[in-house]
Each structure stands twice: as structure tokens, then as C-alpha cells.
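1. Return atomic coordinates for the entry below.
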Amino acid sequence: MIGHYIVGEAQAVAEHYHPILRMDGTEVDFGVSGHGGPCGVWVDRDGEPVAVLEGLETRQEHRSRRRT
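-> Sure thing, here's the model as predicted:
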């Protein structure tokens, strides 16, 4: 699960972020916007999970601090 804050005035959000949940777990009925998508994808690099941001001119990576 990924946590993103959405402003209270929002009426729609990218389909990728549905279902929208409040902090208490109840679902919010938001419309789907025509723009947006996932921030990135998880890939395996040398046995370590790495988040790769997609759709950017410069690829950026964030290595997980998680240890399995």
C-alpha cells in the first residue's frame, strides 16, 4: 500500500490510485482523472529491490532500506 495525500478540494485522481481510502480505511468516491499513473515500478537489481521512476527523461532510482 502506498500513501499519498490528496487535497480536500480534489474531485478526481488518476485511476492508478483507486481505491482511495481515508486514514480510517473507509473508501472515498472520487472520479477518475484523464492524467496520471504510477510513480514507478519495482525491479530486482542484484537481489535488491529498486524503485525505478518511469516516464522521466533521466532515470532515477531509490534503493529500498528493507532487508529480507
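
2. buried stuff in stretch 15-29?
-> With burial defined by 16 or more other CB atoms under 10 Å, the residues of stretch 15-29 counted as buried are residue 17. For glycine as for every other residue, the C-beta is placed from the backbone atoms N, C-alpha and C.

3. what does stretch 31-51 give?
-> Quick answer for stretch 31-51 (16+ other CB under 10 Å): residue 40.

4. Start and end of that stretch, how far apart?
-> The straight-line separation of the ends of stretch 31-51 (CA to CA, to the nearest Å) is 28 Å.

5. How about stretch 9-23?
-> Terminal-residue distance, stretch 9-23 (CA to CA): 17 Å.

6. so the residue nearest to residue 39 when sequence neighbours are not counted bridges to which residues?
-> Spatially, and ignoring its direct neighbours in sequence, residue 39 is nearest to residue 53 (6.4 Å; CB to CB, 6 or more residues apart in numbering). Beta bridges link residue 53 to residue 40, judged by DSSP bridges.

7. what number of residues lie near residue 53?
-> Number of residues near residue 53 (other CB atoms under 10 Å) recorded here: 14.
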